[in-house]
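# Generate coordinates for the sequence data below:
(4 chains)
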There are 2 protein chains.
Amino acid sequence: MRRTKKERQRLLSETIAENPFVTDEQLASEFQVSVQTIRLDRMELAIPELRERIKDVASKTYENEVKSLPIDEVIGEIIDIELDNRALSIFDVKDEHVFQRNGIARGHHLFAQANSLAVAVIDDELALTVHSNITFVKPVKAGNRVITKAVVVGRDDERHRTKVEIVSTVNGETVLVGEFDMYRTKGKGEQE
Amino acid sequence: MRRTKKERQRLLSETIAENPFVTDEQLASEFQVSVQTIRLDRMELAIPELRERIKDVASKTYENEVKSLPIDEVIGEIIDIELDNRALSIFDVKDEHVFQRNGIARGHHLFAQANSLAVAVIDDELALTVHSNITFVKPVKAGNRVITKAVVVGRDDERHRTKVEIVSTVNGETVLVGEFDMYRTKGKGEQE
DNA sequence: GTTGTTATTAGCACTTGGTACTAATATCAG
DNA sequence: CTGATATTAGTACCAAGTGCTAATAACAAC
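Prediction:
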């Protein structure tokens, strides 16, 4: 045994998680064991074969792509939406979203959640952001769950504009407020 | 010939495009022809086999996973910086930054470039965005190279505030203008 | 009708990346 | 030394194909 079986299996899980496209043969040469050993390992760890792994990845993304054109384009997860009226999304702040130094979320992630929600709430083929005015009220930290609410407050069909107000909160405390002026490609009555 | 070969091949392309997970056998029974005919059709139409199709879908989504905002300190590449004065960065807009529908860049990517440049230009351990006011002047498309300039225009050390003006251009044309109010932690930081 | 062309079907060998199973070794621990 | 565990080898088999050859079928033109 090069190292322990346990150690190898731990690394194996990791490797496959990182890159599901790897074959048993490649794994065998990487870990300097036989293909059979890799297969025994996969069985013990209940890791499916290459083709099944790929199929899983593919079907997952396929569902997302076909189903929800707007929803998977959103940063965070939409939990409630009433088109052209209001929408709500949740975004869990992870380590990769914060400054390492102090654990405070970078502004552009909060902006991204707010902005993509503003896009989603517009009942149109596509909405573009024309203007934004955002105030970051309070720092957000890793581990925080940000709940963002978008409310459509004004609509000017002649100019193709819609105004959306945004409030983001963490544990009931407001962390971000702002508004977006959105451009919509279709006015009222032109909907499909 | 049930219908024409042409018609069958048209439908075949459609069917596979709709659901890449279908096998030749299933297709054969659906179109009431032999498996061999289906294979000849696929060759003529240059449609890869099931496994390749699935792999394509999977690898596409695998790449897409990194489509949310990256972890980098700065979005884009800083090409010139003079701390507490001005800074310049370049950001190449790729397919993953735009709406599939029309190829126009999502606002939050442009915001991210501008915001991270505003953070970088502040000569301090850390700067936080307090307020932003951004106008998206002109749509940016995939393939565009966005050059963003940040200029420090005002500083109020008592309130720990610094104002940064931003202009982004593509081929000399302005695509985004705005300003950021930044909080700098120098001195006794009022964290939290 | 006969001939030519295109379309369809059949059959076989071979490929990848496996599963399922059996059997032989190797390694280590008590 | 003996047993248990781990590793390797080897075989048969599977799905969903490719690549190839050859036999029909269908239809049009002369």
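# Give me the neighbour count for A:Asn85.
Residues within reach of A:Asn85, counting by other C-beta atoms under 10 Å in any protein chain shown, total 11. Where C-beta positions appear, they are placed from N, C-alpha and C, glycine not excepted.
# what sits against it?
With contacts defined as C-beta atoms under 8 Å, 6 or more residues apart in numbering or on different chains, the neighbours of A:Asn85 are A:121, A:151-152.
# Contact residues of chain A facing DNA strand C?
Taking C-beta under 7 Å from any atom of the strand, the part of chain A that reaches DNA strand C is made up of A:1, A:23-25, A:36, A:39, A:42-43, A:48-51.
# hmm, try it at 10 Å
Within chain A, the positions lying close to DNA strand C (C-beta under 10 Å from any atom of the strand) are A:1-4, A:16, A:20-28, A:35-36, A:38-40, A:42-43, A:47-54.
# just the buried members of the residues you listed?
A:16, A:20, A:24, A:27-28, A:38, A:42, A:47, A:50, A:53-54 (16 or more other C-beta atoms under 10 Å in any protein chain shown).
# In helices, which of the residues of chain A next to DNA strand C appear?
A:16, A:24-28, A:35-36, A:38-40, A:42-43, A:50-54 (DSSP state H).
# where does chain A have low pLDDT?
For chain A, the stretches with pLDDT under 70 are A:1-3, A:60-74, A:100, A:186-192.
# how about the helices in it?
Going by DSSP H, chain A shows helices at A:5-18, A:24-31, A:35-45, A:50-67, A:107-121.
# tell me the angle of the last one relative to helix B:107-121?
Interaxial angle, helix A:107-121 versus helix B:107-121 (axes from the mean of the first three to the mean of the last three C-alpha atoms, to 10 degrees): 160 degrees.
# how about helix A:107-121 against chain B, any contact?
Yes. Helix A:107-121 lies within reach of chain B by C-beta under 8 Å from any C-beta of the partner chain, at A:107-109, A:111-112, A:115-116, A:119.
# What are the buried residues along that helix?
Buried residues in helix A:107-121 (16+ other C-beta under 10 Å): A:107-121.
# so what's A:Gly154 up against?
A:Gly154 neighbours (C-beta under 8 Å, 6+ apart): A:161-163.
# Who is it paired with across the strands?
A:Lys163 (DSSP bridges).
# ok, now how distant is it from A:Leu88?
From A:Gly154 across to A:Leu88, the span is 19 Å (C-beta to C-beta, to the nearest Å).
# can you check A:Glu14 too?
On the measure of C-beta to C-beta, A:Glu14 and A:Leu88 end up 36 Å apart.
# The two: who's more crowded?
Using other C-beta under 10 Å, the more surrounded residue of A:Glu14 and A:Leu88 is A:Leu88, with 18 against 10.
# The more buried one - nearest residue in space that isn't next to it in sequence?
Once flanking residues are discounted, A:Leu88 sits nearest to A:Asp80: 4.3 Å by C-beta to C-beta, 6 or more residues apart in numbering or on different chains.
# What residues does the one you found make contact with?
By C-beta under 8 Å, 6+ apart, the neighbours of A:Asp80 are A:86-88.
# quick one: it from A:Ser34, how far?
For A:Asp80, the distance to A:Ser34 - C-beta to C-beta - is 53 Å.
# Dump the contacts of A:Asn85 into JSON lines; add distance to B:Asp92 as well.
Below are the contacts of A:Asn85 laid out as JSON lines (distance: C-beta to C-beta, whole Å):
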{"residue": "A:Val121", "distance to B:Asp92": "30"}
{"residue": "A:Val151", "distance to B:Asp92": "35"}
{"residue": "A:Val152", "distance to B:Asp92": "34"}
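# on that earlier part again, want to throw the helices of chain A into CSV with distance to B:Phe136?
Shown next, in CSV, are the helices of chain A (distance: least, C-beta to C-beta, whole Å):
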stretch, distance to B:Phe136
helix A:5-18, 37
helix A:24-31, 46
helix A:35-45, 49
helix A:50-67, 26
helix A:107-121, 10
